[in-house]
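Asks: Got a predicted structure plus its sequence, pasted below:
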Amino acid sequence: SVYEASPEPWKEKDVGDAKGTVLSRDDAKVLPYNARDCVHTARIKRSIDSEAEWNTLRVRTLYAKHSELSDCAAEMYARGFAISEQARLATAKKLTDLHNGRRALISRLLGTHKLVVHPNVLRSVLFERHRRKGLPCFGIKDPIGKHAFTPAGQCATDTEALLALLADPQTPDAARKLIPAYWEAVAALKAKSTYVTSQRVVRNIGHDGRMRASWNPRGTSVGRWSCSDPNLQNLTRHHDETSRQGELPDIRAMYRAAPGCVLVHCDYSQFHPRIMVAMSGDATLAKWVATEDLYSQIARAWFGVPEGEAVKKPARHQCKVGYLAAQYGVGADRLWLQLLGAFPTMPFRAAAEFHSAFPRTFPGIIDYWADELARVTERGYSESQLWHRRLMWFERPDLPGAIATSILLTESDIANDGLLLLRAALR
């Protein structure tokens, strides 16, 4: 009877004050919704229990691990993260001032005032077909390639399309200055609205001054953790010259450790290449990973840096970006676009040479590509080394998708196991 009476309370908004704190809630509407949810859960569980595969070791193991990860996510939500309201307001002001300054720079570059930083405005300024009255226009002709257009037939202004414009020698110099300025202005505005001042952020700060974001231990298609409102996994800390964001305030500084506690950061070293070593058995990759920093070794081989001489940071980063793209079997054009994201002046010829040298340097990886693609095509799913599967619905999966999925599934499983081991040790 409770299940049939469904007032759909989730469609009604909470009443809150300026800080986003809930002031009132009709429990009489919440209880039927919770009861209905329990009935749905019971029906699903009964259906699952009747499936033959449910009793296999693989599924039982994955279910037990996922249950533990869900407990971990619930605990993280319940505890929350301490956030300084003073630091949050100060960060909001810094980002506002930064955005206004960068928008003023764009106005000076274009010789106009009160310009709105928006993709549609940028499209009108760049391309002849989107010229708009009252706005200056560089008169750039339609780009070449299906990826250069949106589904609606407009000239694309996403990152890849703009990178291609920067690499095009026919693009006017003034447009080359405008595009980075546009990226930096958007970055400041997005950082403020996404991580600092949006209502979704503010309403998740409780009376105790702790941020309670939404955690999902299997929130991505390859089993990685995800976080929202705000995404605490993606907070900027320092300037990265390859990020196209420019200098941004330290958003992580808004979050503080509770008294008697510390915030700890840890990371896996060369995670993806190490997994590729285990899965492909490539001899060269195994040697370089074991003896020295992999990306420095690639830079030595590619740029001819002698042993004993330090590899410069830009050269190492360039080889890191190139290897991580080439490892998954992307074409030369896609590799070039990846490299352009970090090095806007990268010529296509250099990317093509890197792409052609990859099979000669890592032949074991090439053999693994063929074997893995055949397995995925035959079975209809990609599988990690720890039994985690992802169905591939298309008849013939592409090479980058098949390779990346198996690596990323394994990466997620290892990282999740490490998190659970750490959680048990801390307890």
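Replies: Sure, I can see it.
Asks: Quick check: buried residues in stretch 185-200?
Replies: Neighbour-count burial for stretch 185-200, counted by 16 or more other C-beta atoms under 10 Å, picks out 185-189, 191-192, 194-197. To be clear about C-beta, it is placed using only N, CA and C from the backbone, and glycine gets the same treatment.
Asks: before we move on, what about stretch 313-330?
Replies: 315-330.
Asks: How about stretch 359-370?
Replies: 361-362, 364-365, 368-369.
Asks: Give me every residue in contact with that stretch, excluding its own residues.
Replies: 276, 279-285, 298, 301, 327, 329, 358, 399, 403 (C-beta atoms under 8 Å, 6 or more residues apart in numbering).
Asks: Now do stretch 130-148, average pLDDT.
Replies: Average pLDDT, stretch 130-148: 87.
Asks: From the chain's centroid, how far away is it?
Replies: Distance, stretch centre to chain centre, for stretch 130-148: 29 Å (C-alpha atoms, centre = their mean, to the nearest Å).
Asks: Quick one: end-to-end length of that stretch, please.
Replies: 14 Å (C-alpha to C-alpha, to the nearest Å).
Asks: Now do it: everything it contacts.
Replies: Here stretch 130-148 has contacts from 110-112, 121, 123-129, 149, 154-156, 160-161, 164-165, 171-172, 174-175, using C-beta under 8 Å, 6+ apart.
Asks: in that stretch, what counts as buried?
Replies: For stretch 130-148, using 16+ other C-beta under 10 Å, the buried residues are 130, 137-138, 140, 143.
Asks: Identify the farthest-apart pair in these.
Replies: Within those, two members stand farthest from each other by C-beta to C-beta: Cys137 and Pro143, at 15.2 Å.
Asks: surely Asp282 meets Met276?
Replies: Yes: the pair Asp282 / Met276 is scored as a contact, 7.2 Å apart, by C-beta atoms under 8 Å.
Asks: With neighbour numbers in mind, choose between the two.
Replies: For Asp282 and Met276, the more surrounded residue by other C-beta atoms under 10 Å is Met276, and the numbers stand at 27 against 21.
Asks: That one against Leu285, yeah?
Replies: Yes: judged on C-beta under 8 Å, Met276 makes contact with Leu285 at a distance of 6.4 Å.
Asks: Could you measure from Tyr77 over to Asn216?
Replies: As judged by C-beta to C-beta, to the nearest Å, Tyr77 and Asn216 stand 10 Å apart.
Asks: should've said Leu335
Replies: 32 Å.
Asks: residue boundaries of the strands in this structure?
Replies: Remark: strands assigned in the chain by DSSP state E are 15-16, 22-24, 81-83, 210-211, 214-216, 226-228, 255-256, 381-383, 389-391.
Asks: Which among those strands is found nearest to Thr236?
Replies: strand 255-256 (12.4 Å).
Asks: Name the residues that touch that closest one?
Replies: In contact with strand 255-256 (C-beta under 8 Å, 6+ apart) are residues 81-84, 87, 211, 232, 235, 263.
Asks: Tell me how far Ser84 lies from Arg252.
Replies: Ser84 is 11 Å from Arg252, by C-beta to C-beta.
Asks: same deal with Leu126?
Replies: Taking C-beta to C-beta, one finds Leu126 at 34 Å from Arg252.
Asks: any weak-confidence spans in the chain?
Replies: Confidence mapping of the chain against pLDDT under 70 gives the ranges 1-28, 114, 146, 237-243, 292, 393-395.
Asks: quick one on the thing from earlier: which two among the contacts of stretch 359-370 are spaced furthest apart?
Replies: Ala301 and Leu399 (24.1 Å).
Asks: Quick one: end-to-end distance for stretch 155-170.
Replies: End-to-end for stretch 155-170, by C-alpha to C-alpha: 17 Å.
Asks: how deep is Thr157 tucked in, by neighbour count?
Replies: By other C-beta under 10 Å, the burial measure for Thr157, its neighbour count, is 21.
Asks: chain center to stretch 100-107: distance?
Replies: 27 Å.
Asks: and Leu335 and Asn216? which has more neighbours close in?
Replies: Leu335 (23 against 14).
Asks: how much space between the more buried one and Ser356?
Replies: Leu335 is 10 Å from Ser356, by C-beta to C-beta.
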